[in-house]
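Novice: pasting the structure only:
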């Protein structure tokens, strides 16, 4: 059987229960508040342009572009995506006293397939936050009480989601809250009630189109792109009228014949019409230049260049377009003819800096290559040296002859070590692969079908989706990234008929059974004017959170184990750490309300990071009294009513083959997590594993009709004793 098993374990990752709490009156939520209840503040608040209206206005460019103080108006804090707060009430000298004002359990998106990557929007005493289930909540700053909840009710059988079910945030403007959904819909909600004002289909998930990033409200428009680069889509960015949902313009991230970049795709096939190049993050805007910027993902078929000769623009690129019309202005392609899944998936960041004595308008983006690309945002030309250099060739992959290679050190190491090769070889041999295993000489070494090529970074990055931040005081970028390793073996991407495109994954390499190495995390400060690291911490785990920095000389970042941390932005010294109860894999928002500075953060875990799941929305201040909570723990082995149906026996060795055929695509060959599936390390109970595989549940389909009882018993034995252990 080759049916792909959706991530196992609705209970494989525990949802943290937060006790010793005073619950809110809203029965749909649990809110733990510090001390006695406080009196809600009066409507309004002092904003950059005066008192904020009760509901969000049609924000001006100046309001959206100002450094955030009394509100956090966009996903990136402002149009420049700096994730920088000029507030100083909480600073490096006193952050050690930071505690929770309240924590609210949103009770949404807690199953193992979901990831909590949403960054809060704060406006006029309210917080707006989505979960991985595309549910949206408005929460009161003063009390932690949920004012309203929008339930997306998205189809739980969507099969075209890459890399975890998630939402990275919402947008607000003109009295509405906007969310792009995994089912391809863009939805506008009434800001006061949470009721749907309008809904527009951006793309059909059955044809591969999903939305994972936060939309952008700008100039009376709502702008969104589409995800799904492995599902035969043709990437695009679209703008809609914020009041009506009617489309205003569209920019295709794969150009037509005759357009700029059109000759970078084959003329003898229609690969451009399903060539990928998705958008994973919210755009940035320079209102003065009138330009909008975004980064793009890999070309399709992923990891297979044999059917798409050429550079494949505008995949794996930074692109600038006219913000009013969507017309092309310039591009910079980070990787030509990408066959390694070296997306540019993190947000573009805008700032001004001096180069050779001249002040420049800068745009920066850190890609899966592990390099941060620093460009002139007026022209797209590199401001740090990038050299066009010849790279190894392989005719079967139709490799590009040269690549634009930065002449400064990457943020994460590229060298493949003997230990990396040994790790991949061990996994490959255990999965029946007999091909030679070789280490790539460079990160641009192509891989063929006769040997497993070990590359670093692997398809996980480098920098993945994690937003970096820019501090206007230090002039540094703060990067949360990882060094991953993967063994790649070229396969054959089957020809997908036009009628079936979009619902089928197009990946032309075997990599789930040839091995992923355990990633190392790298977090620190990087000087974009010199291309050098200022300080950097190495972790024995992936760094899988966004960063936010402040004028208080702080930078905040989350850890997979649930700790939210603050570091001295100048020196890198750790100043504060707080256990949030679930994987801390989202990004902090900072704002002031009624004269007090707050830190807001959603701790909910991440499917790819394998961290504990939950839905804990935290609000911190220097006046808070709530301390850290218990870290997330596995619940899979706990006895639940009705689960124990007698002892389950099985052959773990035989179960490994069943696992590889059905489970490795999501959980990885070693069960430690891969494409959307969490680690199976917590699953130690055979009966639980067998019941989950047999009957399925909210998270996964039932396999009682596709696997025999013996196969189920065998795979349960393997999962309980070997997978992820």
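Specialist: Sure thing, it's come through. What you are looking at is a predicted structure, and each value in this text was computed from that prediction instead of being measured.

Novice: What's the end-to-end length of stretch 548-568?
Specialist: One end of stretch 548-568 to the other measures 12 Å (Cα to Cα, to the nearest Å).

Novice: and the residue most central in space within the chain, what does it touch?
Specialist: In the chain, the residue lying closest to the centroid (Cα atoms, centre = their mean) is residue 465, at 3.9 Å. Contact partners of residue 465, counting by Cβ atoms under 8 Å, 6 or more residues apart in numbering, are 117, 168, 280-281, 345-346. No exception for glycine: its C-beta is placed from N, CA and C like everyone else's.

Novice: Can you check the pLDDT for it?
Specialist: pLDDT for residue 465: 97.

Novice: As a check, name the ranges of all strands in the stretch 351-500 of the chain.
Specialist: 358-366, 372-376, 386-390, 402-406, 437-439, 452-455, 469-470, 477-483, 486-490 (DSSP state E, counting those that start in this stretch).

Novice: Take these and write them to JSON lines, including mean pLDDT, mean neighbour count and distance to residue 563.
Specialist: What follows is these, written out as JSON lines (pLDDT from 0 to 100; neighbours: other Cβ atoms under 10 Å; distance: least, Cβ to Cβ, whole Å):
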{"stretch": "strand 358-366", "mean pLDDT": "99", "mean neighbour count": "21", "distance to residue 563": "23"}
{"stretch": "strand 372-376", "mean pLDDT": "99", "mean neighbour count": "23", "distance to residue 563": "25"}
{"stretch": "strand 386-390", "mean pLDDT": "99", "mean neighbour count": "13", "distance to residue 563": "36"}
{"stretch": "strand 402-406", "mean pLDDT": "99", "mean neighbour count": "18", "distance to residue 563": "32"}
{"stretch": "strand 437-439", "mean pLDDT": "96", "mean neighbour count": "20", "distance to residue 563": "34"}
{"stretch": "strand 452-455", "mean pLDDT": "95", "mean neighbour count": "28", "distance to residue 563": "31"}
{"stretch": "strand 469-470", "mean pLDDT": "99", "mean neighbour count": "26", "distance to residue 563": "18"}
{"stretch": "strand 477-483", "mean pLDDT": "98", "mean neighbour count": "28", "distance to residue 563": "13"}
{"stretch": "strand 486-490", "mean pLDDT": "91", "mean neighbour count": "26", "distance to residue 563": "27"}
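
Novice: what about those, which gets the closest to residue 57?
Specialist: Between residue 57 and the strands of the stretch 351-500 of the chain, the shortest separation by Cβ to Cβ is 26.7 Å, and it involves strand 469-470.

Novice: can you list contacts of the closest one?
Specialist: Residues outside strand 469-470 that contact it (Cβ under 8 Å, 6+ apart) are 80, 82-84, 349, 351, 364, 476-478, 546-549, 555.

Novice: Return the closest of those with respect to residue 625.
Specialist: residue 548 (23.3 Å).

Novice: confidence score at the closest one?
Specialist: pLDDT, read off for residue 548, is 99.

Novice: Tell me the bridge partners for it.
Specialist: On the basis of DSSP bridges, residue 548 takes part in beta bridges with residue 556.

Novice: Out of the contacts of strand 469-470, which comes closest to residue 243?
Specialist: Top of the list for closeness to residue 243, among these and by Cβ to Cβ, is residue 80 at 25.6 Å.

Novice: what number of residues lie near that closest one?
Specialist: Neighbour count for residue 80, taken as other Cβ atoms under 10 Å: 27.

Novice: so where's the stretch 1-150 of the chain shaky on pLDDT?
Specialist: Along the stretch 1-150 of the chain, segments meeting pLDDT under 70 span 1-50.

Novice: Would you mind identifying the helix or strand in the chain with the lowest mean pLDDT?
Specialist: The weakest-scoring helix or strand in the chain, judged by mean pLDDT, DSSP states H and E, is strand 46-47 (a mean of 38).

Novice: so what's residue 479 closest to, chain neighbours aside?
Specialist: In this structure, residue 479 finds its nearest non-sequential neighbour in residue 468, 4.7 Å apart by Cβ to Cβ, 6 or more residues apart in numbering.

Novice: scratch that, residue 152 is what I was asking about
Specialist: Counting by Cβ to Cβ, 6+ apart, residue 134 is the residue found nearest to residue 152 once chain neighbours are left out, at 3.7 Å.

Novice: can you check residue 125 too?
Specialist: The shortest distance from residue 125 to any non-neighbouring residue, by Cβ to Cβ, 6+ apart, is to residue 141 (4.7 Å).

Novice: Retrieve the pLDDT associated with residue 377.
Specialist: So, for residue 377, pLDDT stands at 99.

Novice: quick one: contacts for it?
Specialist: So residue 377 contacts 286, 289, 291, 293, 320, 350, 361-363 (Cβ under 8 Å, 6+ apart).

Novice: and the gap between residue 572 and residue 535?
Specialist: Using Cβ to Cβ, to the nearest Å, we find residue 572 at a distance of 3 Å from residue 535.

Novice: hey, what's in contact with both of these two?
Specialist: Counting by Cβ under 8 Å, 6+ apart, the contacts common to residue 572 and residue 535 are 524-525.

Novice: Surely residue 396 and residue 447 touch.
Specialist: No - look at residue 396 against residue 447 with Cβ atoms under 8 Å: they stay out of range, at 9.7 Å.
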